[in-house]
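1. pasting the sequence and the predicted model now:
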Amino acid sequence: MMASEINHIAIIGAGAWGSALALVARRAGRKVTIWAYEKETVEAINTSHENPDFLPGIKFDPEITASSDIQAVTAKADAVFLVTPAQKLRFCLEMIAPSWPAHAPGVICAKGIEEGSGKLMSEVFAEILPDTKLAVLSGPTFASEVAADLPTAVTLACGDDGLGERLAAAIGSRHFRPYLSSDVTAAEIGGAIKNVLAIAAGIVLGRGLGENARAALITRGLAEMIRLGTAKGAAPVALTGLAGFGDLCLTCTSEQSRNMSLGRRLGEGIPLNDILVTRKSVAEGVYSSASVLALSTHLGIEMPICSAVNAVLHQGADIDDAISSLLARPFTNETGT
């Protein structure tokens, strides 16, 4: 298949990131069809060419169309970009599987680890569509900036170099630059762990602990990310790239990050449920934190920051007690830890 043959891209998920990727693909000259769960979102995209609930203020190319029929959206696609919340990926794949076009690769754009199973998104995908090729798109991306066509660089990880090149050619443009990687696991670990660490960074700000503390948390959080990634077979150097450190840096330093802003409000003393009920978009770190802890425990990997975040979110731990516990840890050697 030549690059020109990836002409029709299906986007599964019409949240902010799915909508931004639809704009990216259309700017690159592709035919784009979006599947949206919400019928009002479908109507808005098709009639007023916008998505006011998830990406307000951005006009869509009229050639971008939407549908609530997920099988119709994917049936004739040359590539299927999966941009659902991580915990909904299995459900969507099971709906799509009967009509998945045999030649079309899947591109996982969801960042997280499945609750209960502890599986990466690629492992969920392989379980349902074992004979279908896949890639992972990840990196430091705020949807609003991508939608506004501001310069952005991402990791496109794919075990098939030729497929990776074709996908990069299909979506790449002057302002949206995919960097190829063969390390799918690293891209997934980076995308999942950074969300949990961003909540921790927000808590640091909400509690007024200062920028020194946030810088230390980002650095030690990267060590946790590399530790888990290595245990899952990722190359450590791959986690210092866009899908690892790049994404971690972005989400821990801006309140545009859903996870960081949620953490800040937690740090200010607002209960988690009160924060969640005011939001339409998903803060993936809330749902991945328990999965991260379960996976790290299974693999025998120590991840104290991620564990503290999970304790605060899901185990009723007091924030100040969790911080004190981290600060009371023994002094140790930074190299290799």
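-> Thanks, I have it. Quantities reported herein were computed from a predicted structural model and do not represent experimental measurements.
2. ok, residue 224 to residue 153 distance?
-> 24 Å (Cβ to Cβ, to the nearest Å). Any C-beta I mention is one placed from the backbone N, CA and C, and that applies to glycine too.
3. pick out whichever of the two has more residues nearby.
-> Neighbours per residue (other Cβ atoms under 10 Å) separate residue 224 from residue 153, with residue 224 holding more: 22 against 15.
4. all strands for this structure, in order.
-> Secondary structure of the chain, counting by DSSP state E: strands at 8-12, 31-35, 50-51, 55-59, 65-67, 79-82, 106-108, 134-138, 152-158, 176-181.
5. roughly how far apart are residue 92 and residue 125?
-> Residue 92 is 11 Å from residue 125, where distance means Cβ to Cβ.
6. my bad, should have said residue 247
-> For residue 247, the distance to residue 125 (Cβ to Cβ) stands at 20 Å.
7. before we move on, what about residue 77?
-> The spacing between residue 77 and residue 125, counted by Cβ to Cβ, is 15 Å.
8. so these two - more neighbours on which side?
-> The residue with more neighbours, out of residue 77 and residue 125, is residue 77; 25 against 21, by other Cβ under 10 Å.
9. quick check: residue 324 vs residue 211, distance?
-> Distance of residue 324 to residue 211, given as Cβ to Cβ: 20 Å.
10. again with residue 278
-> 27 Å.
11. likewise for residue 9?
-> Taken as Cβ to Cβ, the span from residue 9 to residue 211 is 41 Å.
12. how about residue 328?
-> 22 Å.
13. what do you get for residue 40?
-> Distance from residue 40 to residue 211, by Cβ to Cβ: 42 Å.
14. for residue 260, same thing?
-> Using Cβ to Cβ, we find residue 260 at a distance of 14 Å from residue 211.
15. who's more crowded, residue 9 and residue 211?
-> residue 9 (26 against 10).
16. hey, what's that one bridged with?
-> Listed by DSSP bridges, the beta-bridge partners for residue 9 are residue 32, residue 79.
17. cool, and residue 180?
-> Those that pair with residue 180 in a beta bridge, by DSSP bridges, are residue 156.
18. count of neighbours near it?
-> When neighbours are defined as other Cβ under 10 Å, residue 180 has 14 of them.
19. residue contacts, it?
-> By Cβ atoms under 8 Å, 6 or more residues apart in numbering, the residues touching residue 180 are 155-158, 161, 164-165, 168.
20. coming back round to it: now the strands of the chain in a markdown table, please, with extra columns for distance to residue 234 and mean pLDDT.
-> As requested, those are arranged in a markdown table below (distance: least, Cβ to Cβ, whole Å; pLDDT from 0 to 100):
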| stretch | distance to residue 234 | mean pLDDT |
| --- | --- | --- |
| strand 8-12 | 25 | 98 |
| strand 31-35 | 30 | 98 |
| strand 50-51 | 34 | 97 |
| strand 55-59 | 31 | 95 |
| strand 65-67 | 35 | 97 |
| strand 79-82 | 20 | 98 |
| strand 106-108 | 15 | 98 |
| strand 134-138 | 12 | 98 |
| strand 152-158 | 10 | 98 |
| strand 176-181 | 10 | 98 |
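21. now render those strands as TSV, adding distance to residue 220.
-> As requested, the strands of the chain are exported to TSV (distance: least, Cβ to Cβ, whole Å):
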stretch	distance to residue 220
strand 8-12	35
strand 31-35	39
strand 50-51	38
strand 55-59	34
strand 65-67	42
strand 79-82	31
strand 106-108	28
strand 134-138	21
strand 152-158	22
strand 176-181	24
